[in-house]
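Sequence isn't available, so here's the structure alone:
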C-alpha cells in the first residue's frame, strides 16, 4: 500500500497564533510531498512542493513566510501556518510521490481542517 | 497557463451510466488523473491516463484524447455511494497536479 497520514485531523486556533500540520508517508519513502488547500465547494489548489532536504517551491500567490514548509526526512513534511487569520480557515491536504517508482501518482493524506477564530 | 474545465454538477439514477467530461489546456502534459472526493475527505485515486484510449477498471472507465485535450470518466451501474465530487487533474510540464473544479455527482434512487 501507500498510506499517508496527517496530524491533526482538525484544529481550532485563535487569530494570531501558529499551527503546525504534519504529513507522514507511513509505508514508503516519498521523493516529493505536496501541500494543497481547499476552500468549501472549490477544488484543490497547490500551495507548494517540497523535496527532502531542500527548500520548498511555492506557487504564485502563496506567501512563503506565512506558510512555512519543512521536509526533514523522506517520510515527514510539516506545514506551519504562522500568524493565522480567519481567512486561513480551510482544508489542508498533503500528498506524496513514491521514491522507488517513476510515477506521477500522488497519494493523499486524509486532510486537516483548520478553523481560525 | 493551465485550464481545466468540467461540469459543475450532474445527476443520475441508481443503476444508470453517467459520463463526466473534462477538457484541458496545459503547458506540457504527463498524464491525466481522475479522483473521487467525498465531502470533508481527501481525494481517492480512480484512474490515470497518459496514452490515448480507454482504460477500464471495474465499474469505472476513463478515456483520453491528447490531440483534443479531452477526457471522460464513465461510471456504470451507479450506486448511491457514488454520490461524490469527481476531480479531473492534469500533470503538466512541471510535474505538478492541476485540478479542475470538480463535478458534483448526485445519484438518486
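Great, that's in hand. What you see is a predicted model; the values in this text were computed from it and never measured.

switch to C-alpha atoms for all contacts and neighbour counts from now on
Fine.

does residue A:116 really touch residue A:85, like I thought?
Yes: with contact defined as C-alpha atoms under 8 Å, residue A:116 counts as touching residue A:85 (5.9 Å).

Overlap of the contact sets of these two?
Common contacts of residue A:116 and residue A:85 (C-alpha atoms under 8 Å, 6 or more residues apart in numbering or on different chains): A:14-15.

residues touching residue A:73, list them.
A:52-53.

Name whatever forms a beta bridge with it.
Residue A:73 forms beta bridges with residue A:76, as assigned by DSSP bridges.

Residue B:97 too?
Here residue B:97 sits in beta bridges with residue B:91, going by DSSP bridges.

Around it, how many other residues sit close by?
Residues near residue B:97, counting by other C-alpha atoms under 10 Å in any protein chain shown, number 23.

And the closest residue to residue B:28 other than its chain neighbours, how close does it get to residue B:30?
Spatial nearest neighbour of residue B:28, excluding adjacent residues (C-alpha to C-alpha, 6 or more residues apart in numbering or on different chains): residue B:93 at 4.1 Å. Going from residue B:93 to residue B:30 by C-alpha to C-alpha, to the nearest Å gives 7 Å.

And those two? Which one has more around it.
residue B:30 (17 against 13).

Can you classify the more buried one by secondary structure?
Recorded secondary structure, residue B:30: coil (DSSP: H, G, I helix; E, B strand; the rest coil).

Now do the residue nearest to it when sequence neighbours are not counted, the pLDDT please.
With C-alpha to C-alpha, 6+ apart as the criterion, residue B:30 has its nearest non-adjacent residue at 5.1 Å, and that residue is residue B:91. Reported pLDDT at residue B:91 in the predicted model: 90.
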